[in-house]
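1. Turn this into a model:
(chains A, B, C and D)
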Protein chains: 2
Amino acid sequence: MFSKACEYAIRAVLFISQKSKDGKKVGIREIAKGIDSPEHFIAKILQDLRRKGLVQSQKGPAGGFYLDKESMNYSLADVVRVVDGDSLFSGCGLGLKQCSEKKPCPLHHTFKQIRGDIYHMLESAKLGEFNKQLEKNVLFLKGE
Amino acid sequence: MFSKACEYAIRAVLFISQKSKDGKKVGIREIAKGIDSPEHFIAKILQDLRRKGLVQSQKGPAGGFYLDKESMNYSLADVVRVVDGDSLFSGCGLGLKQCSEKKPCPLHHTFKQIRGDIYHMLESAKLGEFNKQLEKNVLFLKGE
DNA sequence: TGAATAAAAGACTTTTTTGTCTTTTATTTT
DNA sequence: AAAATAAAAGACAAAAAAGTCTTTTATTCA
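-> This next block holds a predicted model:
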């Protein structure tokens, strides 16, 4: 469904969100540990997200990644779009270059529905909204 | 969503279904052209599907791939399971090794719903059911 | 039986994705 | 200003996915 990079991205962004809800910045090592991902790999992904403005960062001592007020309101759909592009939301399920209402693949109509559901779910999920549940250990960002 | 191999597999299987509904067998070259896929690549995938019994084949002159009565009633979910495994139906959307009702990722509950929808859609889509619409050019298996 | 045909099998290459390592740049603190 | 810290950047390496090419095996038909 998502690429590995995108899975890490979502987990990382939610991790940062939780940590930075009370003004804290969080380093890449702590993020990698917190979401159980390769450190340098998630670092690159976060650099992308930063360039696009989805997360903020600061170099040097006491630096790290954080989310400002505005970023808290970005959605998971925004993250997915940056990392995986929007093929999940708009591409043909069977990989046809041309697939449309007029020339649909056999799964076109059913997929339209499902992709819509996925989109709305991700669009309505704001980065900040999981903080409380994560803190309470009702939701988790890594296995085991 | 699906791997390239799986996209080709679904398209190929529906192509064969359509051709073999009146007893015809269809060669790998014709399949590759019919669904716009690399010839040797789809050949391998079909060999897998044949070993698993989802499609049938015959060597030699007038040979080719076909679907018997039983195979016509397999579903797209069966094809997906053979080619991509069942991670689409059961894996965690955020890639956690352990993700369950008791220890859910932030997307666990919403994803459960969506994956169920995908599964039911694929499970209820039998290989033979698109034949008429494909023949009438209401549905298509390649772009352009 | 021999030639032609078509799938099966296996080795191989290319591309993409994932992951690692090292160096550089910016910032803070002493 | 110097040392320490942490992100940024870029070059590599490994693994997986996608795609190609050649040889083998089975079947039919003349």
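2. need the residues of chain A near DNA strand D, please.
-> Contacts of chain A with DNA strand D, taken as Cβ under 7 Å from any atom of the strand, map to A:26-29, A:40, A:43-44, A:46-47, A:50-51, A:57-65. To be clear about C-beta, it is placed using only N, CA and C from the backbone, and glycine gets the same treatment.
3. 10 Å instead, please
-> Residues of chain A found near DNA strand D (Cβ under 10 Å from any atom of the strand) are A:4, A:16, A:25-32, A:39-41, A:43-51, A:55-66, A:95.
4. Is stretch A:66-77 in proximity to DNA strand C?
-> No: residues of stretch A:66-77 are not located near DNA strand C by Cβ under 10 Å from any atom of the strand, the shortest gap being 12.6 Å.
5. Let's see that stretch as CSV, backbone CA atoms only.
-> This file holds the C-alpha atoms of stretch A:66-77, laid out as CSV (Å, rounded to 0.1, in the frame of the first residue of the first chain):
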residue,chain,number,x,y,z
TYR,A,66,9.7,19.5,15.6
LEU,A,67,6.3,20.6,14.3
ASP,A,68,5.1,24.1,14.5
LYS,A,69,1.4,25.0,14.9
GLU,A,70,0.8,25.0,11.2
SER,A,71,2.4,21.7,10.7
MET,A,72,0.3,20.1,13.3
ASN,A,73,-2.6,20.6,11.0
TYR,A,74,-1.1,18.9,8.0
SER,A,75,-2.7,15.5,7.3
LEU,A,76,-1.3,12.1,6.6
ALA,A,77,-2.4,12.5,3.0
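6. And for that stretch, what's in contact with it?
-> A:10, A:13, A:16-17, A:19-21, A:23-26, A:53-58, A:89, A:119, A:122-128, B:107 (Cβ atoms under 8 Å, 6 or more residues apart in numbering or on different chains).
7. Output the contacting helices and strands for whatever helix or strand A:G116 lives in.
-> Using DSSP states H and E, A:G116 sits in helix A:108-124. For helix A:108-124, the elements it packs on are helix A:76-84, helix A:87-90, helix B:108-124, judged by 3 or more Cβ pairs under 8 Å, 6 or more residues apart in numbering or on different chains; DSSP states H and E.
8. most neighbours per residue, which of the ones you listed?
-> helix A:76-84 (a mean of 21; mean count of other Cβ atoms under 10 Å in any protein chain shown).
9. hang on, the earlier thing: run the angle between the helix holding A:G116 and helix A:76-84 for me.
-> Computed by axes from the mean of the first three to the mean of the last three Cα atoms, to 10 degrees, the angle separating helix A:108-124 from helix A:76-84 equals 110 degrees.
10. Report whether helix A:108-124 contacts DNA strand C.
-> No: against DNA strand C, helix A:108-124 shows no contacts by Cβ under 10 Å from any atom of the strand, the least distance being 17.9 Å.
11. same for the helix or strand following that helix, what does it pack against?
-> Downstream of helix A:108-124, the next assigned helix or strand under DSSP H and E is helix A:131-135. Judged by 3+ Cβ pairs under 8 Å, 6+ apart, helix A:131-135 is in contact with helix A:4-20.
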